[in-house]
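> A predicted structure for the sequence below; I have some questions about it.
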Amino acid sequence: MHDERRRIEERVERVHTQRIKPAIYAATVPLTVEAWQAPGEPVPFEEAAAAPYEPFATGTPWGPPWGTTWFRMHGQVPADWTGRRVEAVIDLGFVGDWPGSQAEALVHLPDGTPLKAVNPLNQYVPIAHPAAGGEEIRYLVEAASNPDILANNFAGPTLMGDVLTAGDRPLYTFLRADLAVLDEQVWHLDLDLQVLRELMVHLGEHEPCRHEIMHALDRAMDTVDLDDVSGSAAAVREVLAPVLAKPAHASAHTVSGVGHAHIDSAWLWPIRETKRKTSRTFSNVTSLADEYDDFIFACSQAQQYEWVRDNYPHVWARIQESVKKGQWAPVGGMWVEADGNLPGGEAMARQFIHGKRFFIEHFGIETKGVWLPDSFGYTAAYPQLAKLAGNEWFLTQKISWNQTNKFPHHTFWWEGIDGTRIFTHFPPVDTYNARFSGEEMDRAVRNYSEKGGGTRSLAPFGWGDGGGGPTREIMERARRLADLEGSPKVVVEHPDEFFAKAREEYPDAPVWNGELYLELHRATYTSQARTKQGNRRSEHRLREAELWATTAALHAPGYAYPYEKLDRLWKTVLLHQFHDILPGSSIAWVHREAEAEYVRVARELEELTAEAVAALGGGTARVFNTSPYDRAEVVRTAEGAPVYVEVPASGSAPLTAAAQAPAPVTVTGRVLDNGLVRVELAEDGTLSSVRDLRADREVLAGQGNLLRLHTDLPNYWDAWDIDKHYKNRFTDLLDAESVTVVEEDPLVGAIRVERAFGRGSRITQTITLRAGSPRIDIETDIDWHEAEKILKAAFPVDIRAPHSSAEIQFGHIQRPTHTNTSWEAARFEVAGHRWVHIGEPGYGVAVINDSTYGHDVSRTVREDGGTTTTVRLSLVRAPRIPDPEADQGRHRFTYALLPGASIADAVAEGYALNLPLRVADAAGAPEPVVSVEGEGVTAEAVKLADDGSGDVVVRLYESRGGRARGVLRTGFPLAGAQATDLLERPLEDVQLTGEAAVPVALRPFQVLTLRLRRG
């Protein structure tokens, strides 16, 4: 047989695209359109319905950036369309086919009921099937003119990312608003051709099936009447029916499809637009569920459900009905799909608590899995926290984006830092926006790493990122691929069903231990520093407010614990941990609002904490310690005078000098000395020497606190990425305008270094040494005006460290300092929380911080044979896309060097730096709510139980990486104790000791939640 592939394939393509697709709608009549441009922000339906509308013609420009235009449309179904399938078709002037970052609209009935959304690949609104001639059609359409921030693939900066800078020029040209007859035979023929053509081209040339499909398509084209596509469509489909009916191979891979619409809670649009996106997408999903009984949709993010519940009651009611019918599957059990690295441990626990509880309360459903398809890497604390929240499985696909190494598994057991394992799956289709295309199905099978062990994978299908969701065309593809020769078998099912089947067939799946590090998007540990600082501050202020509110509730008569306020503030912080807000990868508008929200949260939490402390009674000045560790350190009075005090963990003490005074601080020239460490500054303001007087050793192996300004232009994704080549170009900031002693007191010595550099940037650093502490604080104030740069602070330490230890949620993770393999070399920028520790047997050093996350650790051998291990903190970046003014302006933060530090010291000082001692007037000295005895047993949260019972809830963890035993004592009469899950549901009773204390035994990094019943 002659090879006629080219002729046939080109013939099919032309007839399909130029003849068949245009015939899908058999007849059209235009709707009459009027328009009203809403001034400013979106308005309620009632206001729009009463607004003055003006005639509006097709072809008219409309929509300023971030604007809202309401269209009033009306028309009548022609009499000769009776009995046919009639739809409205609306084209707002869509750009491309991605529904995320462009014009979108929600169609309402005149009474305000939302019907369905329209977007580039979902332009229809069903009217009647069959239609009645003469039926009146009236709609009010809320259209959002959101700018296309992704235009030209982020080729350059844009001012469109903020309503304050975007201007008012119309972005779109209105193209179409019609009533149309859907020719169902032609529509189905179009889908038949799509499926077969795509399957054909992705089959091997040696596959008989490919050639059978090709010749069937050739015969089908012979059957098409080019002058009457509609009249011949049924006959053409009959020609294709035999190849569409051939069953899949017995060993064919199974793709479990579940509808999905990834909606970023903010990204290239602000939060206010996400609220509207949820209503549009969820309207489409519930509409599709009415049309397809076999459709199942998985949806995460309790926050988005709450927005719909509060703002779109009609849509909320339809969601509830779809859940009852089993077509809508709440998944994920988190408040939002949060960043996987940066939220603190307690915040990550609260993501699960608030998310799971929402789904239980509103749907009676306890979600079983963690659904995080798009976060930028995943902490090794996840398996334990997920299991403690009642989860059985974990899903993501983001690791498929790795820049260097291909992850070896798709289905596996993921083991966390404490040893907990959770069954995990990465869809080999490598997307959460699947459409069941031939290319995707081919990739899912070819890519699947578990062949011979497992036979199935998951494919979340539907348009996403900016919402959109599944379409009827995708559902039709799934039906055709259910059992088709040459293709994997597609079944639409609940994710829980997929995971149950996958685990049953593959119980001995391989194990991956430790973090799921994404070899990409490493700059998200640093970009938008003020957003990250706001998160860190908020997490610690919430801890503080809860602790002192609990103390007041136990000891101050008449004080009411602020349940509702704390709940609301927690949810605000959790929302802003979404994986494009906290990482710093959103438009300017998002981060402008985030910074304002953090200011509001800080103000409210300060008020709550002050109220709680005041409730304990006025009187003499006292010092309050929110840290879980005893403190002996310098604090300042209201007048600014330093005082060395001793304060118990989670307790308070009078603002009076400790009985035993520490050795004084001396300041001699550029040298600070407190008898524990001696710090010497060079003329250029760097640390020329840090000597640990206790160990009699020099800590540094080079210039300490060396500020290095690197050129930082990644290959793509500016706010997200830092590529390895950034290290090749840099400028060391060695020109100090001044090095000045600014405080010389027996308790505090401080030297200030001022520098100017770059494009008008300035940095002022105050190096402070306090009596009684080896910690060297570097208080930093930057006025930043650079572009495409990153600033790092380096500490080269005379230590041969085989690995670094970085704090993560409820523990720490060790990472090699060598680059033996490509896996280690790819970790050239990593994330940590409050501290990074390096050490060799007998000695260690920690670098502490109060707001940064990104860092790198490297190791070199010097000419003298010694080893230098260098820790570098990433302080601030200057990406220009998607926010051209990212990080510009003022930054204030503190980091510190802690010589002679063990892991325990790093943990304690990490808390201390992030939880400053509080000075306030209080009459009494109530005992701490709880006190813990036992090395490594650390209290992360102290609060009242969420159910209002008055029980006290304490979350403990083992913080050093070893086994720990201890005793928890209470500052109130204790009647009983229970170990609970994260949602404070009982797991087992805990037997109290004879003295009414709680015995505690923890494995390394174990998290334990205790519920304490008051006597």
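That came through fine. Residues are numbered from 1 along each chain as shown.
> ok, residue 721 touching residue 715?
Yes: counting by C-beta atoms under 8 Å, residue 721 does reach residue 715; the two are 7.0 Å apart. For every residue, glycine as well, the C-beta is placed using N, CA and C.
> out of the two, which sits in the more crowded spot?
Here residue 721 and residue 715 are set side by side on neighbour count (other C-beta atoms under 10 Å), and the busier one is residue 721, at 22 against 9.
> check contacts around the residue lying closest to the more buried one once chain neighbours are set aside.
Nearest-residue entry for residue 721: residue 714, 3.7 Å, with adjacent residues in sequence omitted and distances by C-beta to C-beta, 6 or more residues apart in numbering. By C-beta atoms under 8 Å, 6 or more residues apart in numbering, the residues touching residue 714 are 523, 720, 721, 722, 723, 726.
> what do you get for residue 433?
Residue 433 is in contact with 260, 262, 460, 461, 462, 463, 464, 465, counting by C-beta under 8 Å, 6+ apart.
> Please report the distance of it from residue 374.
To residue 374, residue 433 is 10 Å away according to C-beta to C-beta, to the nearest Å.
> just residue 640 next, same as before
According to C-beta to C-beta, residue 640 stands 48 Å off from residue 374.
> quick one, which of these two is more surrounded?
Neighbours of residue 640 and residue 374, each counted by other C-beta under 10 Å, are more numerous for residue 374; the result is 19 against 6.
> which SS class is that one?
In terms of secondary structure, residue 374 is coil; the call rests on DSSP: H, G, I helix; E, B strand; the rest coil.
> My understanding was that it contacts residue 579; is that so?
Yes: here residue 374 reaches residue 579: they are 6.2 Å apart, a contact under C-beta under 8 Å.
> shared neighbours of those two, which are they?
Jointly contacting residue 374 and residue 579 under the rule C-beta under 8 Å, 6+ apart are 264, 337.
> Give me the secondary structure label for residue 96.
With three-state DSSP as the criterion, residue 96 reads coil.
> tally of neighbours for it?
Other residues near residue 96 number 12, with proximity taken as other C-beta under 10 Å.
> One more: residue 832?
Using other C-beta under 10 Å, residue 832 has 27 other residues around it.
> Quick check: it vs residue 844, distance?
According to C-beta to C-beta, residue 832 stands 15 Å off from residue 844.
> How about residue 434?
Between residue 434 and residue 844 the distance is 48 Å, computed by C-beta to C-beta.
> the more surrounded of those two?
Neighbour comparison, residue 434 and residue 844: the larger count goes to residue 434, with 31 against 21 (by other C-beta under 10 Å).
> shouldn't the more buried one be in contact with residue 464?
No: with the criterion set as C-beta under 8 Å, residue 434 and residue 464 do not qualify as a contacting pair; they are 9.5 Å apart.
> shared neighbours, the two?
With C-beta under 8 Å, 6+ apart as the test, residue 434 and residue 464 reach no residue in common.
> how about residue 520, what does it touch?
For residue 520, the contact set (C-beta under 8 Å, 6+ apart) comprises 376, 401, 402, 403, 717, 720, 721.
> Repeat the analysis, applying 6 Å as the threshold.
The neighbours of residue 520, taking C-beta atoms under 6 Å, 6 or more residues apart in numbering as the test, are 401, 403.
> How is it assigned, secondary-structure-wise?
Reducing the assignment at residue 520 to three states with three-state DSSP gives coil.
> all numbers from here: first residue = 181
Yep, numbering from 181; the last one is residue 700 now.
> Am I right that residue 528 is in a strand?
No: when the secondary structure is assigned by three-state DSSP, residue 528 falls in helix instead of a strand.
> and it, what is it in contact with?
Residue 528 sits in contact with 565, 989, where contact means C-beta under 6 Å, 6+ apart.
> so how far is residue 990 from it?
Distance from residue 528 to residue 990, counting by C-beta to C-beta: 8 Å.
> now do residue 496
Using C-beta to C-beta, one gets 35 Å for the distance from residue 496 to residue 990.
> Neighbour count: these two, which is higher?
When neighbours are counted by other C-beta under 10 Å, residue 990 comes out ahead of the other of residue 496 and residue 990, with 27 against 19.
> and residue 280, how many residues sit next to it?
One way to gauge burial is a neighbour count; for residue 280, by other C-beta under 10 Å, it gives 25.
> Over to residue 488?
20.
> repeat for residue 183
Neighbour count of residue 183, defined by other C-beta under 10 Å: 9.
> cool, and the one 4 residues further on?
In terms of burial, residue 187 registers 11 neighbours under the definition other C-beta under 10 Å.
> before we move on, what SS does it have?
Applying three-state DSSP to residue 187 yields a three-state assignment of helix.
> and what of residue 1065?
At residue 1065 the chain is in coil, as set by three-state DSSP.
> For the helix or strand bottoming out on mean pLDDT in the chain, name the packing helices and strands.
Confidence across the helices and strands of the chain bottoms out at strand 1098-1102, with a mean of 91, counting by mean pLDDT, DSSP states H and E. With contacts taken as 3 or more C-beta pairs under 6 Å, 6 or more residues apart in numbering; DSSP states H and E, strand 1098-1102 sits against strand 800-804.
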